[in-house]
Each structure stands twice: as structure tokens, then as C-alpha cells.
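> sequence and predicted structure below; questions after.
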Protein chains: 2
Amino acid sequence: MAHQKIPTRKPLSRARVLQAAVALANEAGLDAFSMRGLAQELGVVPMALYKHVANKEELLDGMVDIVFSEIELPSGDLDWRSAMRRRALSTHEALKRHSWAIGMMESRRPGPANLRNHNAVMGCLRKAGFPFEIAIHAYSIQDAYIYGFALQERDTGFETPDSAGEAAQRRAQTIGSLENYPYLVEIATKLPASGYDNAVEFAWGLDLILDGLDRLRDPGAPPA
Amino acid sequence: MAHQKIPTRKPLSRARVLQAAVALANEAGLDAFSMRGLAQELGVVPMALYKHVANKEELLDGMVDIVFSEIELPSGDLDWRSAMRRRALSTHEALKRHSWAIGMMESRRPGPANLRNHNAVMGCLRKAGFPFEIAIHAYSIQDAYIYGFALQERDTGFETPDSAGEAAQRRAQTIGSLENYPYLVEIATKLPASGYDNAVEFAWGLDLILDGLDRLRDPGAPPA
DNA sequence: AACTATAGGTGTACGCTGTACACTTGTCAA
DNA sequence: TTGACAAGTGTACAGCGTACACCTATAGTT
């Protein structure tokens, strides 16, 4: 019979490695994410990965750029405020899908999707009439808020009203003498009933910031 | 001669371990921070540390609480805005001194300084007349901004006008075809001459947020 | 058709990490 | 003097990233 190659694993590629890496990090978390684990997931020996990525650092760079590629660019068809709002919400959702990326979005060597994103955001602000210095400020405050919120969201576990209450109570129980912290007690007791919702919370702060920025725009610029 | 103990190292203690750990993390960074390195710094064998801390996780918990302990609590003598402003600036400075702590402030088991801090901040907002839900929003937006800004500050390396320009240009050079990213080019060229200063940048965003919050206060509350 | 270069996958090995466990030593109380 | 207990030591193990040498299957050239 004719020299049959039975198992014939589909060969690796840089794209396939990156994709599997993102998937593994999504479900295992960053701490449990290892080169060896990734290799196993791909049915391959650890060193095989190194034919497609230089090392773990470069792998993480590529993974982060995948996250950037999932973020909606600000649309030129919308007024700046709506465009920035959509882009912020899209970033927030991407970070929820890939919470392992939260501390890494700006700390790694930027890839093409990152550059495209940053260029488009800055472009949106400049075209909206923000002078250069103000545009820098506007960019800075938005991204600080977006990334900082994602960090807190991940860490506090305030997700739904229920889990927020649970988390607050769990947090409270770690310290014995609660009477010293009346305002933490208030949070633990009132938050569950308050209908807390992380998405609402995020939008609330975002809108406060965008409103503040809107007051600073060059008045001679395109409307809205 | 009388049974002389010549070298007689001062004995370890939990406090001394934590203190040395913070110092080592400050100068070596979190990646290079290891139990073995810390032990060496203290002139002791690695396992000796485990008589004073349960494990590395608990050690990091304690280190983070030291950072919290360095943050100024909001003063009751000031109006809420000034108190929150001082507290935010103090947090920012603590995070600059201890940049290894930036992603960890809310992700670890809270210690006493953490609880005191959170309780005091929430108390300040409530006493200023913010209704519970608004106080939660106000807390959330401030901390998201503070931690997010620190994250960006650490990652971008925009520190002084000069280093900001350098960083922007370095960043630009990582991609070959700059003509595709005109707004990144603008940043790389204009930022160095713009007198960029990270402390100013931080205060700018902070004031925008505090102004926005001030508009939402319960009008029947104590003035300013 | 035979030869060879090359890309992709393998196996072994090294130094690093956190830390479990058993041991010794130093100090104080009874 | 004895005995308990706290503090420090030494050895060992599993897991990590990855350097390096090796094999093997495919592609191109002659």
C-alpha cells in the first residue's frame, strides 16, 4: 500500500500558536499559562513552539496585539464623542474577554494593531478640533480610566449586584473588628440591593469624562 | 574567655522581612524579585523566610499593605475636593515609589492599611453629601483613573518632556512605514517641545474628574 | 531519479523558581 | 539540668523558560 501518513497533524504556524495561546490564557489565566502547557494543548513538544515565536516575551507581544485587533476603531462617521464612547466600550469588552491582558496593553512592544488603534484615536480627537496638548490630555485620561477600571473590575469581582455584594462581604470578613470600618460595612450591606452593574458603572464614569472633555473643545471646530 | 558570639546577626522578624522585600522590589523590580534573592539580601538561607511569612503570596500581601500605609488618608479638616485631591496625589506618589505594586493594589488580600484607606475615602465622600450610589461611582472613577494612570506612566516611560519625546520616537521606530500613522508622527515630533510633565498630566485629568463630581453633589450638603 | 538544502519537530539538559520536610542550634522557663 | 520552643539550615523536588544538538520530511535543483 502507498506509504500512508496516518496521523498527519496539521503543521504549526505562528498564527496558530498565537491563537491557541490566547485561547489557553483566556481559560487558564496568565499565571497558569506556560510554554509547556501551550505545547501540550497543541499536541507538540515544548521546543517546537520556538520555531514560530522567538520566546515567551515575543509570544505575549503577539497575544496582546490580537487583543488590540479586536477593538473597534473610532468611526469617522460619528461625532467624536460617540466614536470615543464606542471605542471605549469596545476596549472594555475586549479586556473582559481577555482579562490576562489587562496589565499588559501598554507595556509590551507595540504591534500593528496597537499602532493602528493609537493612531486612529489620536486622529479622531485632532479632527474633532482638540488642540494637540488637549488631545494628549484627552487621550491620557480616557485610557487611564479604561485600563484602570478593567483592573479594578478584575480584582474586586464586582460583576453583578449579587457577586458584588458577596465580594464586599467576603472582603469585610477578612478583618475581624468591623465596627472600625463603618463605611465598609455600609458598602457590604447596601451594595447587593443597589442593583450594581459593572457595565453601568463603567459607562457612568466614561460619560463623566467625555462630558468634561466636551467642554474643552475648540469652539471653532466641527459641531458635536 | 567568655563564650563570645562574634558575628551575631540581628534576628529576622516579619517586619524586617517585609521592609527588606519592599526595598528589594523597589530597586530590582517585580520580575527579578525572588524569595532566594530576598534571603540573600538578608544574609540568610531561603527557607528562613518561611518562619516569618507563610509563602510568597502572603509576603506580597504584606508588601502591598505597606504601600497603602504610605498613602495619606483624606483629611477631615479639608473640603471633600481638596481632601480627595491630596489623597489621589499621595497615592500617585506612593505608586511611583513602588511601581512594582501598580497592578496589585486591589488584587491581593486586603490588609489593615488597605481597609483603613478605603473606609476613610468612602467616609469622606459620604460626609460630603454624596448619596450612597453616587459615592460608589465617585470612588470607582477616581481609583480607576489613579491606578490606570500609574499603569500607563510605568509602561510608556513618558516622564519628563525629554524622555517622553524619546519614548515616543523609540515607539515610532519600531514600525517601519511611519507614513501610515500620521498622528503617531505628530506625537513623536511635538511632544518633546510641548513641556510634557507626568505630574501635570495626572493633575489635569484628576481635576477634570473632581470637577465633574462636584456638579453631582447633593445641593443640601455642607459647602464645598 | 538522486542529491541536497531547509523548515519543522524532538530529546536532553541547565539554571532558575517556590517551598515541603527533616534537621540543628540558640534561648529561656521551670 | 532539663525540656520546650522559636529560629535558622540543608536537602530535595517539581515546574519553569529555553539553549543546543539532533532527526526527518518536504522542496528544488541538477
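Looks like it arrived, so ask away. Everything quoted here is computed from the prediction, not taken from an experiment.

> what residues are up against the residue nearest to residue A:46 when sequence neighbours are not counted?
In this structure, residue A:46 finds its nearest non-sequential neighbour in residue A:39, 4.2 Å apart by Cβ to Cβ, 6 or more residues apart in numbering or on different chains. For glycine as for every other residue, the C-beta is placed from the backbone atoms N, C-alpha and C. When contacts are counted by Cβ atoms under 8 Å, 6 or more residues apart in numbering or on different chains, residue A:39 is found next to A:45, A:46, A:47, A:48, A:49.

> next to DNA strand D, which bits of chain A? Give me the list.
Applying Cβ under 7 Å from any atom of the strand, we find that chain A lies next to DNA strand D at A:5, A:33, A:34, A:35, A:36, A:37, A:46, A:47, A:50, A:55, A:56, A:57.

> right, and the helix or strand after the strand or helix carrying residue A:95?
Mapping residue A:95 onto the secondary structure by DSSP states H and E places it in helix A:80-97. Beyond helix A:80-97 in the direction of the C-terminus, DSSP H and E gives the next helix or strand as helix A:112-127.

> what is that next one packed up against?
Contact here means 3 or more Cβ pairs under 8 Å, 6 or more residues apart in numbering or on different chains; DSSP states H and E; on that basis helix A:112-127 packs against helix A:56-69, helix A:80-97, helix A:132-156, helix B:182-190.

> residue A:138 versus residue A:122, what's the distance?
With the distance defined as Cβ to Cβ, to the nearest Å, residue A:122 ends up 9 Å from residue A:138.

> which one's more surrounded, those two?
Taking neighbours as other Cβ atoms under 10 Å in any protein chain shown, residue A:122 and residue A:138 compare with residue A:138 leading, 29 against 23.

> quick one: the nearest residue to residue A:30 once chain neighbours are set aside and residue A:39, what's the gap?
By the measure of Cβ to Cβ, 6+ apart, the closest residue to residue A:30 outside its immediate chain neighbours is residue A:100, 4.0 Å from it. Applying Cβ to Cβ, the value for residue A:100 to residue A:39 is 18 Å.

> pull the number of nearby residues for residue A:128.
Applying other Cβ under 10 Å, we find 22 other residues in the vicinity of residue A:128.

> ditto for residue A:127
A count of neighbours around residue A:127, defined by other Cβ under 10 Å, yields 16.

> for residue A:14, give me the backbone phi and psi.
Residue A:14 adopts backbone torsions of phi -60, psi -40, taken as degrees, to the nearest 10.

> cool, and residue A:72?
The phi and psi values for residue A:72, taken as degrees, to the nearest 10, are phi -60, psi 130.

> touching, it and residue A:90? I think so.
Yes - assessed by Cβ atoms under 8 Å, residue A:72 is found in contact with residue A:90 at 3.8 Å.

> show me the common contact partners of those two, please.
Shared between the contact lists of residue A:72 and residue A:90 (criterion: Cβ under 8 Å, 6+ apart) there are no residues.

> one step back: let me have the residues of chain A next to DNA strand D in JSON lines, extended by distance to DNA strand C and pLDDT.
Shown next, in JSON lines, are those (distance: Cβ to the nearest atom of the strand, whole Å; pLDDT from 0 to 100):
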{"residue": "A:5", "distance to DNA strand C": "12", "pLDDT": "38"}
{"residue": "A:33", "distance to DNA strand C": "16", "pLDDT": "98"}
{"residue": "A:34", "distance to DNA strand C": "12", "pLDDT": "98"}
{"residue": "A:35", "distance to DNA strand C": "10", "pLDDT": "98"}
{"residue": "A:36", "distance to DNA strand C": "9", "pLDDT": "98"}
{"residue": "A:37", "distance to DNA strand C": "14", "pLDDT": "98"}
{"residue": "A:46", "distance to DNA strand C": "7", "pLDDT": "98"}
{"residue": "A:47", "distance to DNA strand C": "3", "pLDDT": "98"}
{"residue": "A:50", "distance to DNA strand C": "7", "pLDDT": "98"}
{"residue": "A:55", "distance to DNA strand C": "13", "pLDDT": "98"}
{"residue": "A:56", "distance to DNA strand C": "12", "pLDDT": "98"}
{"residue": "A:57", "distance to DNA strand C": "15", "pLDDT": "98"}
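
> look up how far DNA strand C lies from residue A:88.
Distance of residue A:88 to DNA strand C, given as Cβ to the nearest atom of the strand, to the nearest Å: 37 Å.

> do residue A:85 as well
Here residue A:85 is placed at a distance of 42 Å from DNA strand C (Cβ to the nearest atom of the strand).

> please name the nearest non-neighbouring residue to residue A:118.
Beyond its immediate neighbours in the sequence, the residue positioned closest to residue A:118 (Cβ to Cβ, 6+ apart) is residue B:184, lying 6.2 Å away.

> quick one: pLDDT of residue A:2?
Predicted confidence (pLDDT) for residue A:2: 34.

> residue A:74: how many residues sit nearby?
Applying the criterion other Cβ under 10 Å, we find 25 residues in the vicinity of residue A:74.

> I meant residue A:23, not that one.
Using other Cβ under 10 Å as the criterion, residue A:23 is surrounded by 12 other residues.

> would you mind pulling the contact partners of the helix or strand it falls within?
Of the helices and strands defined by DSSP H and E, residue A:23 is found in helix A:14-28. For helix A:14-28, contacts defined as Cβ under 8 Å, 6+ apart pick out A:10, A:33, A:37-38, A:41-42, A:49, A:52-53, A:59, A:62-63, A:66-67, A:97-98, A:100-101.

> quick check: buried residues in that helix?
Of the residues in helix A:14-28, those buried by neighbour count under the rule 16 or more other Cβ atoms under 10 Å in any protein chain shown are A:17, A:18, A:20, A:21, A:22, A:24, A:25.

> show me what contacts residue A:207?
So residue A:207 contacts residue A:85 (Cβ under 8 Å, 6+ apart).

> let's verify it: helix, strand, or coil?
The assignment at residue A:207 comes out as helix when based on DSSP: H, G, I helix; E, B strand; the rest coil.

> what about it, distance to residue A:200?
Using Cβ to Cβ, residue A:207 is found at 11 Å from residue A:200.

> with residue A:81 instead?
Taken as Cβ to Cβ, the spacing of residue A:81 relative to residue A:200 amounts to 19 Å.

> so in chain A, where's the weakest helix or strand by average pLDDT?
Comparing helices and strands within chain A by mean pLDDT, DSSP states H and E singles out helix A:161-173 as the least confident, with a mean of 68.

> please consider this matter closed, and thank you.
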